[in-house]
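1. Predicted model and sequence follow; I will ask about them next.
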Amino acid sequence: IFASVPQAPADPILGLVGRFKACTAEKKVNLSVGAYRTAEGKPWILPSVAEAEKMVISDTKLDKEYQPIDGKAEYKRPVQELIFDADVIDSGCLATVQALSGTGSLQCIAQFLKFMGVTKVWGPNPTWGNHPKIFQRALLEYDMYPYWHQESRGLDFEGMIAGMQKMNEGDCILLHSVAHNPTGVDPTPEQWQTIVQVCKERRLIPLLDNAYQGYASGDLAKDGYAQKLFTHSGLEFFIAQSFAKNFGLYGERIGYIHVKCASKDAADAVLSQMKIIVRQAYSSPPQHGAAIVNKILTTPALKEMWLKELTFMSSRISDMRTALRGAIEAKGTPGTWNHVTDQIGMFTFTGLTKDQVVRMVEEFHIYMTADGRISMAGLNPGNVDYVAESIDKAVRG
Ligand code: LMR
């Protein structure tokens with residue numbers, strides 16, 4: 001029965017993690033997956049998370065029963081507050097569902113779009129490699145709008161707006177709400193205002209993928225600018241909120257879907273349908289990580305600790321941007337390297353060609369994605385010079 005099943009290729013991002021682990025080279029660097037690492041190159045359990053976890057484990061009120069299909073009702077407000085103002089939450093116009101981090105949230109939203117009769121989703125070119133596959137699996141058409149401008153290594157804003165003008169009423173537009181993956185290039189506040197305006201004019205359905213709130217600036221409110229703008233625009237839209245990166249809860253699969261609706265009645269109906277999707281896909285969401293997030297967000301001392309940790313992580317990454325750029329420029333490597341410090345969030349889109357990336361991986365054992373993306377969190381004072389030196393060699397050919 002299974003003899004005809006073809007072998008699938010390894011995942012372009014997570015597959016590299018396996019290759020890095022298996023690599024026996026003395027000098028190797030993992031810049032592949034977007035996961036925070038300490039200055040010693042180790043995964044980091046946030047101290048606020050460790051503290052909250054102890055409290056959760058000793059909480060006698062918590063059992064191991066199933067959570068409600070859409071997650072615990074009392075857990076919703078604190079996570080909504082990371083994005084929405086109190087009046088929006090109080091209006092009842094939000095349908096909020098705890099889901100399996102970013103990917104799981106997007107998966108449910110994709111199925112919901114299909115259920116609503118949406119036919120087409122537009123994502124930025126480039127985008128996170130999993131995006132197109134998620135929507136295509138839900139049998140939605142997927143196409144791209146211009147985003148990256150190769151020459152300036154910045155945003156192709158004119159191209160993006162022209163691309164949006166070609167979209168049809170009722171199409172879904174996928175946007176990264178902050179710290180675009182893989183480019184690290186975001187629209188400015190003024191550009192976001194135009195984007196919102198065009199979404200309105202073209203009657204598009206926005207879907208904001210919020211995987212890195214807090215990672216661009218260390219400030220949740222600043223990183224939440226686009227979400228606020230959409231909220232106050234009167235548009236109805238989706239948000240996929242991931243807690244993998246900003247709480248460091250990668251393996252716990254914690255996140256939330258928020259659907260901002262025009263009325264409470266609409267939100268109630270949307271919630272009822274989302275619950276059907278969740279029930280059929282995985283029944284109900286995981287409890288442990290959700291309880292940790294809730295404990296942090298509802299315990300003022302822990303919340304303060306977490307906010308400081310966010311600032312700490314984003315500033316370490318930003319220091320690495322300065323260090324990498326400095327080291328490359330000190331070598332006089334051909335090309336301009338200001339984009340290393342101009343880009344934001346977890347990634348730098350280096351501009352290295354496919355062949356140069358192959359050399360980085362095969363010859364220097366620096367694991368990075370084929371599109372030239374490096375995870376800045378994988379850099380540290382102990383490896384940044386080696387990475388700069390290898391980039392220099394790869395560029396000089
Ligand atoms: C990444 O882009 O590296 C992260 O979002 C992790 C993943 O699941 O791909």
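-> Right, received. Where do you want to start? Remember, it's a predicted structure, so these values are computed and weren't measured experimentally. Residues are numbered from 1 along each chain as shown.
2. Of all the residues in stretch 311-325, which ones are buried?
-> By neighbour count on 16 or more other Cβ atoms under 10 Å, the buried set for stretch 311-325 is 313-314, 316-321, 323-325. Glycine gets a C-beta too; all of them are placed from N, C-alpha and C.
3. Strands - which of those land there?
-> Among the buried residues of stretch 311-325, no residue falls in strands (DSSP state E).
4. Closest one to the ligand out of those residues, please.
-> Proximity of the buried residues of stretch 311-325 to the ligand (Cβ to the nearest ligand atom) peaks at I317, which lies at 13.8 Å.
5. Could you check how far that closest one is from A377?
-> 6 Å (Cβ to Cβ, to the nearest Å).
6. intersection of neighbour lists for these two?
-> Residues touching both I317 and A377 (Cβ atoms under 8 Å, 6 or more residues apart in numbering) are M346.
7. Contact partners for the residue in the stretch 201-350 of the chain positioned nearest to the ligand?
-> Residue nearest to the ligand within the stretch 201-350 of the chain: A211 (6.1 Å; Cβ to the nearest ligand atom). Going by Cβ under 8 Å, 6+ apart, A211 touches 102, 128, 176, 179, 181, 240, 242, 244-245.
8. Also D90?
-> Applying Cβ under 8 Å, 6+ apart, no residues qualify as near D90.
9. out of everything not next to it in sequence, what's closest to the closest residue to the ligand within the stretch 151-300 of the chain?
-> Per Cβ to the nearest ligand atom, N181 is where the stretch 151-300 of the chain lies closest to the ligand, at 5.2 Å. Leaving aside its sequence neighbours, N181 sits nearest to W128 (Cβ to Cβ, 6 or more residues apart in numbering; 4.7 Å).
10. same check, this time on I195
-> P187 (6.2 Å).
11. Per-residue pLDDT of that neighbour, please?
-> pLDDT recorded at P187 is 98.
12. pLDDT score for S152?
-> pLDDT at S152 comes out at 87.
13. What number of residues are in the vicinity of it?
-> 12 (other Cβ atoms under 10 Å).
14. and the stretch 51-200 of the chain, which of its residues are near the ligand?
-> With Cβ under 6 Å from any ligand atom as the criterion, the stretch 51-200 of the chain comes near the ligand at residues 128, 130, 181.
15. How about the second one, nearest residue that isn't a chain neighbour?
-> Leaving out its chain neighbours, the residue that sits closest to N130 by Cβ to Cβ, 6+ apart is T103, at 6.3 Å.
16. Please give the element, helix or strand, for that neighbour.
-> Using DSSP states H and E, T103 falls within helix 101-116.
17. quick one: that helix to chain centroid distance?
-> Its chain's C-alpha centre and that of helix 101-116 lie 15 Å apart, by Cα atoms, centre = their mean, to the nearest Å.
18. Please identify the buried residues of it?
-> Neighbour-count burial for helix 101-116 [16+ other Cβ under 10 Å]: 101-114.
19. TSV please, covering those residues and showing pLDDT.
-> Output for those, formatted as TSV (pLDDT from 0 to 100):
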residue	pLDDT
S101	98
G102	98
T103	98
G104	98
S105	98
L106	98
Q107	98
C108	98
I109	98
A110	98
Q111	98
F112	98
L113	98
K114	98
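20. Count the residues that sit near K393.
-> There are 16 residues near K393, going by other Cβ under 10 Å.
21. got it, and D209?
-> When neighbours are counted by other Cβ under 10 Å, D209 registers 27.
22. gap between it and A162?
-> 22 Å.
23. how far away is the residue lying closest to Q356 once chain neighbours are set aside from the ligand?
-> Nearest non-adjacent residue to Q356, counting by Cβ to Cβ, 6+ apart: A394, 4.2 Å away. For A394, the distance to the ligand (Cβ to the nearest ligand atom, to the nearest Å) stands at 21 Å.
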